[in-house]
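A.B. asks: Sequence plus predicted model, see below.
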Amino acid sequence: MADKLMTEDDVVARLRSGMTVAIGGWASRRKPMAIVRAMVRSGLRDLTVVTHGGPDLGMLCAAGKVRRAVYAFVSLDTIPLEPHFRQARQSGAIEDEPLDEGLFHLGLQAAAWRVPFLPSRVGLGSDLLRDNPRLTTFTSPVPGPGGGEPEELVAMPAIELDAAICHLNVADARGNAMFLGPDLYWDDVMLQAAPTGGRFISAERVVPTEELAGHGCLHQMRISRMMVDGVVEAPGGAHFTQCDPEYPRDEEAQRAYAASARSAEAWAEFRAAWVDLGEDEYRRKVREAVR
Amino acid sequence: MSGGVTRAEVCVVAVAECFRGDGEILANPIGIIPMIGGRLARAAFEPDLCMTDGEATLIANDRAVVAPGERVVEYWNPYRSMFDWVWSGRRHVMMGATQVDRYGNQNLAAIGDYARPKVQLLGYRGAPGNTINDPTSYWVPNHSPKVFVPAVDTVTGIGWDRAAALGEGGRFVDVRRVVTNLAVLDFETPDRRMRLRSVHPRVTVDEVVAATGFDLVVPDDVGESRTPTPDELRLIREVIDPDGTRDTEVAPG
């Protein structure tokens, strides 16, 4: 029986520069920040980051790890626009691959189902087709409704991943996991879309398999060990983002992070205080700050 | 009664009116006054509307912002479920717009050249999918020529001219109204150009024209936006938004 437990740094050691990495959660909610911080500390570079973006993308941009962003929006929720991401875009530091939120879903689903694209009406008429040249249109091979003229549709190409990283509430050592908040977001699809060997989760708690189901209800058991190659036990691993029902967003810490976009010095200071340290020390500092 | 009615309350009613006649669909207004207006539509005259808690459930409560423990949940609606409503045509969204033009094209993504923007905004978000599939209205709390521009820098939500160019592919596009702090606008003109539908009390037509960066269609007899009925005013002040959050988005006056 495989024990998939590992550390944040073990996850990073399995990533390579130039990879396409999906990061779970949504905006500033249930982001795998402990692993993201380990990525910032690493020698990784030139990453393509696929995300419903929040401080994961922002922090990786600030650290110069990102070559390309694939996203429909980037936000910190209570701070509507992500300042580090904005800076990266406005300075031309990163390549940009914009999507609509629904197309983002179809692209991951296509990758998970091993088809080259999924069809949609979404994008027609908008500038998305101008700004994302990977999106193309095609004439449906099937007649329109009621035998009408075949429709012109958008082909959303599969978003091919090298890795996916998500933070869940409870897991076992084999990689079965549950979300206990109101929304799974796209975590399961990301983990299904990524290839074997590149699928990692962190979790607030790692429990014996026999106890897993008792931590929530059946319908929350949406991550199977068939989707997971590595499990990191990371209590507080989503901090400062929200991780319902364990903890709310740490707004003060988020404000400090956002303020660090003001200058290179401010970022260096934030990074020294909150990124360039081990997880034990990070957790200790968070506990002290809460007091 | 109307002497004591605030501008924000007029905006709330104007938003509510956008959802009149929608029936049993997901009314999805985004923003403080839009959410209050949507709740008012359901409480006052459009009882079958479904509405979100702003996160992952559809709730029956009248109050605009409801604490998790007090929500009367009708349906679990995680983000992914939203596309089931959007793609099946059972949603009327009211979005914001950093820029909007005379045909209702909207920009949420970036100001300036998209490739190297002067100001990066939120991104395309769900705007292309919302507009190609469902009725869409907009809320603009600061009516100005910076928002109402001759041509938006990036088209995230598509307007009537783009829809017409698509032919059959644009058949579900339905850009309904734009509600602002000054006026209500619609597209009920032969060529679907934006029209001044009504001005809010104590706002002149000239003020709206001056605050709009393109030629609006201005009918000869522009009416005044209606004020809340006594029952609507009670709902707004006592049930839907007792904390007066509406005044943080549009100053009273």
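C.D. replies: Perfect, I can see it now.

A.B. asks: What segments of the stretch 51-200 of chain B are strands?
C.D. replies: B:57-59, B:73-76, B:91-95, B:99-100, B:106-107, B:110-111, B:119-120, B:135-140, B:174-180, B:183-186, B:195-199 (DSSP state E, counting those that start in this stretch).

A.B. asks: nope, the stretch 51-200 of chain A is what I was after
C.D. replies: Going by DSSP E, counting those that start in this stretch, the stretch 51-200 of chain A shows strands at A:66-71, A:95-98, A:117-120, A:136-139, A:152-157, A:163-171, A:177-178, A:199-206.

A.B. asks: Where does the prediction get shaky in chain A?
C.D. replies: A:1, A:290-291 (pLDDT under 70).

A.B. asks: one more time with 90, if that's ok
C.D. replies: A:1-2, A:144-148, A:286-291 (pLDDT under 90).

A.B. asks: Would you map out the domains in it?
C.D. replies: A:8-99+A:160-238, A:117-157 (automatic domain parsing).

A.B. asks: which one of the strands of the stretch 51-200 of chain A lies closest to B:Glu24?
C.D. replies: Closest to B:Glu24 of the strands of the stretch 51-200 of chain A, according to CB to CB: strand A:117-120, at 25.2 Å. Every C-beta, even on glycine, is put in place using the N, C-alpha and C of the backbone.

A.B. asks: Format the strands of the stretch 51-200 of chain B as CSV; extra columns: mean neighbour count.
C.D. replies: Shown next, in CSV, are these (neighbours: other CB atoms under 10 Å in any protein chain shown):
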stretch, mean neighbour count
strand B:57-59, 19
strand B:73-76, 13
strand B:91-95, 24
strand B:99-100, 26
strand B:106-107, 26
strand B:110-111, 23
strand B:119-120, 18
strand B:135-140, 24
strand B:174-180, 24
strand B:183-186, 25
strand B:195-199, 19
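
A.B. asks: Make CSV out of these and add distance to chain A and mean pLDDT.
C.D. replies: Below are these laid out as CSV (distance: least, CB to the nearest CB, whole Å; pLDDT from 0 to 100):
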stretch, distance to chain A, mean pLDDT
strand B:57-59, 7, 98
strand B:73-76, 8, 98
strand B:91-95, 12, 98
strand B:99-100, 12, 98
strand B:106-107, 9, 98
strand B:110-111, 7, 98
strand B:119-120, 4, 97
strand B:135-140, 12, 98
strand B:174-180, 11, 98
strand B:183-186, 20, 98
strand B:195-199, 21, 98
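
A.B. asks: Deepest-packed of the strands of the stretch 51-200 of chain A, please.
C.D. replies: Greatest average neighbour count among the strands of the stretch 51-200 of chain A goes to strand A:163-171 (a mean of 28), per mean count of other CB atoms under 10 Å in any protein chain shown.

A.B. asks: Can I get it in CSV, CA atoms only?
C.D. replies: The C-alpha coordinates for strand A:163-171 follow below in CSV (Å, rounded to 0.1, in the frame of the first residue of the first chain):
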residue,chain,number,x,y,z
ALA,A,163,1.5,19.1,-12.8
ALA,A,164,-1.4,20.1,-10.5
ILE,A,165,-1.2,21.3,-6.9
CYS,A,166,-4.2,21.7,-4.6
HIS,A,167,-5.0,22.2,-0.9
LEU,A,168,-7.8,20.1,0.7
ASN,A,169,-9.2,19.9,4.2
VAL,A,170,-8.7,16.2,5.0
ALA,A,171,-6.7,13.5,3.3
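
A.B. asks: Pairing partners for that strand, with directions?
C.D. replies: If you go by DSSP bridges, strand A:163-171 pairs up with strand A:20-23 (parallel), strand A:177-178 (antiparallel), strand A:199-206 (parallel).

A.B. asks: among the ones you listed, which is nearest B:Ile32?
C.D. replies: Short answer: strand A:20-23, nearest of the strands paired with strand A:163-171 by CB to CB, at 30.0 Å.

A.B. asks: picking that back up, which among the strands of the stretch 51-200 of chain B is found nearest to A:Val21?
C.D. replies: Short answer: strand B:119-120, nearest of the strands of the stretch 51-200 of chain B by CB to CB, at 21.3 Å.

A.B. asks: So what touches the closest one?
C.D. replies: A:81, A:85-86, A:89-90, B:110-112 (CB atoms under 8 Å, 6 or more residues apart in numbering or on different chains).

A.B. asks: residues contacting A:Arg174?
C.D. replies: So A:Arg174 contacts A:1-4, A:209, A:225, A:228, A:231 (CB under 8 Å, 6+ apart).

A.B. asks: for chain A, what are the nearby residues on the stretch 151-253 of chain B?
C.D. replies: B:154-158, B:162-163, B:165-166, B:168-170, B:172-173 (CB under 8 Å from any CB of the partner chain).

A.B. asks: among those, who's most crowded?
C.D. replies: B:Thr156 (32 neighbours; other CB atoms under 10 Å in any protein chain shown).

A.B. asks: so what's that one scoring on pLDDT?
C.D. replies: Note on B:Thr156: pLDDT of 98.

A.B. asks: Skipping adjacent residues, who's closest to it in space?
C.D. replies: B:Ala127 (3.9 Å; CB to CB, 6 or more residues apart in numbering or on different chains).

A.B. asks: does the one you found really touch B:Met95, like I thought?
C.D. replies: Yes: using CB atoms under 8 Å, B:Ala127 is in contact with B:Met95, at 6.6 Å.

A.B. asks: what residues do the two have in common as contacts?
C.D. replies: Common neighbours of B:Ala127 and B:Met95 (CB under 8 Å, 6+ apart) are B:106, B:108, B:157.

A.B. asks: and the gap between the residue nearest to B:Thr156 and A:Gly18?
C.D. replies: Distance, B:Ala127 to A:Gly18, using CB to CB, to the nearest Å: 31 Å.

A.B. asks: Go through stretch A:60-80 and flag the buried ones.
C.D. replies: Across stretch A:60-80, burial judged by 16 or more other CB atoms under 10 Å in any protein chain shown covers A:60-63, A:65-67, A:69-77, A:79.

A.B. asks: quick one: the helices in the stretch 1-150 of chain A?
C.D. replies: A:8-13, A:33-41, A:55-62, A:83-90, A:101-113, A:128-131 (DSSP state H, counting those that start in this stretch).

A.B. asks: which one of those has the most crowded surroundings?
C.D. replies: Taking mean count of other CB under 10 Å, helix A:55-62 is the most buried of the helices of the stretch 1-150 of chain A, at a mean of 27.
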